[in-house]
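> The sequence and its predicted three-dimensional model are supplied below.
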Amino acid sequence: MAFDLESLTEATSGAIGALVSTSILYPLDTCKTKYQAEVRAHHQQKYRNTADVLWEAIANGQFLSLYQGLGTKNLQSFISQFIYFYGYSFFKRLYLKKTGNKTIGTKANLIVGVAAGACTVIITQPLDTASSRMQTSKFGKSKGLWKLLSESSLSEAFDALGISLLLTTNPSIQYTAFDQLKQRLLKRQLKEKTSTNSSPKALSAFSAFVLGAVAKCIATFMTYPAIRCKITIQAADLDDNNETEEAESKKQKTVSGALYTIWKREGLLGFYKGIEAQILKTVLSSALLLMIKEKISKTTWVLLLALRRYLFMTQTRLKSA
């Protein structure tokens, strides 16, 4: 039971951390996504950088439109992080139990992370696609979640699923790097504490923030071309001016079409368009998530333990009645 409870604690604290970080950074996420979704020749581009998206919203008096799709994104973030952290913790403890090891190696950690990520993607892909389309819609013209899902076919709801599965290496690289850095830091802190034999149980908020930022920066740079292609595929269908642009838009809805379009219109550097904003957003988001998770894990554990005891006592009373 302790095994399941500990996994549940990891999942709950991780999901809450994701919810908070997503809400705080959502305007930046919207600007980043709209900029990444634009695939045009350099002289035809509407946005020169991510800041242009922000200025457009402010100039048109539509700053609140930067929050369009926030509810869907929060729902997707909460569910995906809960499933990921639960799966990651579950598979990790299962591995340690089966092998009898006290720690998990880098390779095994990567495999565990990918397995947890794959489960997460398959379940939450429709929400991910819907939130991307809301963010890339014209300001003030975003459709609601249920309308988007009802208008989409099953295949459209799972747009870019293959790339999303490939991107499961992103969080696995991130959390593997974070765990390894965390263990080394805690061991170093333990050596410095010569007056006690106990190991620090949790990182400080600042340490968790820095380690989370470094880990996510590495993972983002390695997987960014796939991230750009995914957003291009999932982007909302905007009003096309002619049949040629409409045909090009349809081609972008496939992996090969997205790759070809980006290469043709923007060249090799196009695969890294917007990487500065992506790194800024994902690093801040992941660092905040891990920092919040580290700080509330103990509280979550105590609350879940108290809830389990309450339910056990209630069940015992009902049986004895």
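Arrived safely, thanks for sending.
> Which residue is the nearest non-sequential neighbour of residue 83?
Spatial nearest neighbour of residue 83, excluding adjacent residues (C-beta to C-beta, 6 or more residues apart in numbering): residue 120 at 4.6 Å. Every C-beta, even on glycine, is put in place using the N, C-alpha and C of the backbone.
> which strands and helices sit next to the host helix or strand of the one you found?
In this structure, residue 120 is located in helix 106-136 according to DSSP states H and E. Helices and strands touching helix 106-136, by 3 or more C-beta pairs under 8 Å, 6 or more residues apart in numbering; DSSP states H and E, are helix 2-37, helix 70-99, helix 145-151, helix 154-157, helix 161-166, helix 169-192, helix 205-234.
> quick one: that helix to chain centroid distance?
7 Å (C-alpha atoms, centre = their mean, to the nearest Å).
> cool, and stretch 73-87?
In terms of C-alpha atoms, centre = their mean, the centre of stretch 73-87 is found 8 Å from the chain centre.
> what comes up buried for it?
Buried positions in stretch 73-87, judged by neighbour count with 16 or more other C-beta atoms under 10 Å: 73-87.
> I figured residue 29 was touching residue 136, is that so?
No - contact criterion C-beta atoms under 8 Å: residue 29 and residue 136 do not qualify, at 11.4 Å.
> picking up where we left off before, averaged pLDDT, the helix holding residue 120. What do you get?
Averaged across helix 106-136, the pLDDT comes to 88.
> swap in stretch 281-292?
Across stretch 281-292, pLDDT averages out at 78.
> export it as CSV, just CAs?
Extracted as CSV, the C-alpha positions of stretch 281-292 are listed here (Å, rounded to 0.1, in the frame of the first residue of the first chain):
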residue,chain,number,x,y,z
LYS,A,281,9.0,29.0,-21.4
THR,A,282,9.8,25.4,-20.8
VAL,A,283,12.8,26.1,-18.5
LEU,A,284,10.7,28.4,-16.4
SER,A,285,7.7,26.1,-16.5
SER,A,286,9.7,22.9,-15.6
ALA,A,287,11.7,24.7,-13.0
LEU,A,288,8.6,26.0,-11.3
LEU,A,289,6.9,22.6,-11.6
LEU,A,290,9.8,20.8,-10.0
MET,A,291,10.3,23.5,-7.3
ILE,A,292,6.6,23.4,-6.3
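> Identify all contacting residues around that stretch.
Stretch 281-292 is contacted from outside by 13-14, 16-18, 20-22, 24-25, 28-29, 32, 81, 174, 178, 205, 208-213, 215-217, 220, using C-beta atoms under 8 Å, 6 or more residues apart in numbering.
> Now list the buried members of these.
For the contacts of stretch 281-292, buried by 16+ other C-beta under 10 Å: 13-14, 16-18, 20-22, 25, 28-29, 32, 81, 174, 178, 208-213, 215-217, 220.
> residues contacting the residue nearest to the spatial centre of the chain?
Centroid-nearest residue in the chain: residue 77, 6.6 Å away (criterion: C-alpha atoms, centre = their mean). Neighbouring residues of residue 77 by C-beta under 8 Å, 6+ apart: 15, 18-19, 22.
> can you check residue 95 too?
Shown here is residue 95, whose contacts under the criterion C-beta under 8 Å, 6+ apart are 101, 104, 108, 112.
> cool, and residue 65?
Per C-beta under 8 Å, 6+ apart, neighbours of residue 65: 57, 139-140, 142.
> For the protein, which helix extends over the most residues?
In the chain, assigned by DSSP state H, the helix with the most residues is helix 275-320.
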